[in-house]
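Undergrad: All I have is the shape, not the residue letters:
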Ligand SMILES: O=C(O)CCC(=O)C(=O)O
Ligand SMILES: [Fe+2]
């Protein structure tokens, strides 16, 4: 059984009186492991079932059919397909292949014209036209869930519910949104589908099929975060850790590869606006620095710069060849 709490988001929509209790539960989860399940999120289960079925069809296709979407075609927008072993975590190739999506931006968008990395159009398979509307609809629904969770996180920190929207994920800046579909083939030998890492931004929401394999490094050791029907896994990223001076934890996690069955997972990363600088909350200023104990020995608290700069530094490590190619073009 999983030790992670299951939190019902519906009070945030329907029952302000119960929202305080939910905020306290969010605070406890963010202080402890930084991971929790959410139910009452309002995602359409039929849409998710469609996404899963289409994703299975995509990954069952021959590599030659997927090549048209290979990430180098996406250029600096960093979209498209990467093959098994094509992404590194802590320098080691992961046992997964995947599709990368982000906010769909037209070629005449000012940031795309200016060549800002990670901005642009998604790559879609011409031979699976149903994928586009389904992915875009799921992303839109997940963004609403993420804003709702952030309302709860704001309340849990004693801030106004709209605080994140005003400062980091709305207002003049757009949130940075990345959506991925991962296929972890069953492996003959035990191994890692994704090596130990933390997520970079504010929140990650994870839809997963029924196979399992996600593990979380809690203060009590590694535990499984198995799939629970109808629930999403939610975890907080480095920027919430930074914002709270480590009071809330961006917790290492990893995925054990299954030797029995292929697995699909669908992480959605809901992060600060590209140009936002994450300034720690006033009461966070005196808390200790975290570098000594972090998985990558990098201090998210000592970092100075925009979220976009932080993210680019991370992408350079997981896709070094692509990063070098984009830099050469700049
Ligand atoms: O596939 C999963 O369960 C988790 C993936 C993950 O941790 C990530 O993409 O950051
Ligand atoms: Fe992750």
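TA: That came through, no problem. In this text the structure is predicted, and so the values were computed from the model without any measurement. Ligands and ions are numbered 1, 2, ... in the order given.

Undergrad: Quick check on residue 276: phi, psi?
TA: phi -70, psi 140 (degrees, to the nearest 10).

Undergrad: what about it, neighbour count?
TA: Residue 276: 20 surrounding residues under other C-beta atoms under 10 Å. Any C-beta I mention is one placed from the backbone N, CA and C, and that applies to glycine too.

Undergrad: Equivalent analysis for the one 4 residues further on, please.
TA: Around residue 280 sit 17 other residues, with neighbours defined as other C-beta under 10 Å.

Undergrad: OK, contacts around it?
TA: Neighbour list for residue 280: 242, 243, 244, 245, 301 [criterion: C-beta atoms under 8 Å, 6 or more residues apart in numbering].

Undergrad: These in strands, which ones?
TA: Assigned to strands by DSSP state E, none of the contacts of residue 280 qualify.

Undergrad: and of those residues, the nearest to residue 140?
TA: Checking the contacts of residue 280 against residue 140 by C-beta to C-beta gives residue 243 as the nearest, at 25.3 Å.

Undergrad: Okay, strands next: where are they in this protein?
TA: Remark: strands assigned in the chain by DSSP E are 6-8, 35-39, 80-82, 88-89, 92-93, 97-102, 176-184, 192-197, 203-208, 214-218, 221-224, 232-236, 253-256, 263-271.

Undergrad: would you list the contacts of residue 280 in CSV and tack on distance to ligand 1 and neighbour count?
TA: Shown next, in CSV, are those (distance: C-beta to the nearest ligand atom, whole Å; neighbours: other C-beta atoms under 10 Å):
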residue, distance to ligand 1, neighbour count
242, 17, 24
243, 19, 25
244, 20, 23
245, 23, 19
301, 21, 22
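
Undergrad: how about those in a markdown table, adding distance to residue 191 and pLDDT?
TA: Converted to a markdown table, the contacts of residue 280 look like this (distance: C-beta to C-beta, whole Å; pLDDT from 0 to 100):
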| residue | distance to residue 191 | pLDDT |
| --- | --- | --- |
| 242 | 31 | 93 |
| 243 | 34 | 93 |
| 244 | 34 | 93 |
| 245 | 36 | 89 |
| 301 | 32 | 81 |
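
Undergrad: And the residues you listed, which is closest to residue 36?
TA: Closest approach between those and residue 36, by C-beta to C-beta: residue 244, at 15.8 Å.

Undergrad: So the closest residue to residue 208 other than its chain neighbours versus ligand 1, what's the distance?
TA: Closest residue to residue 208 apart from its sequence neighbours, by C-beta to C-beta, 6 or more residues apart in numbering: residue 265 at 4.5 Å. Separation of residue 265 from ligand 1 (C-beta to the nearest ligand atom, to the nearest Å) stands at 3 Å.

Undergrad: ok now stretch 84-91, how far from the chain's centre?
TA: Relative to the chain's own centre, stretch 84-91 is displaced by 17 Å; criterion: C-alpha atoms, centre = their mean, to the nearest Å.

Undergrad: which residues touch that stretch?
TA: 71, 93-98, 185, 192, 194-197, 295-296, 317-320.

Undergrad: The lengthiest helix in the chain vs strand 263-271, what angle?
TA: Criterion DSSP state H: the longest helix present in the chain is helix 131-156. Angle of helix 131-156 versus strand 263-271, following axes from the mean of the first three to the mean of the last three C-alpha atoms, to 10 degrees, is 60 degrees.

Undergrad: So which elements touch helix 131-156?
TA: When contacts are defined as 3 or more C-beta pairs under 8 Å, 6 or more residues apart in numbering; DSSP states H and E, helix 131-156 packs onto helix 10-14, helix 16-32, helix 45-60, helix 163-164, strand 176-184, strand 203-208, strand 232-236, strand 263-271.

Undergrad: Show me which parts of it are buried, residue by residue.
TA: 131, 134-136, 138-139, 141-143, 145-156 (16 or more other C-beta atoms under 10 Å).

Undergrad: Over to stretch 185-203?
TA: 187, 191-203.

Undergrad: Is it in proximity to ligand 1?
TA: Yes. If you take C-beta under 6 Å from any ligand atom as the test, stretch 185-203 does meet ligand 1, through 194, 199.
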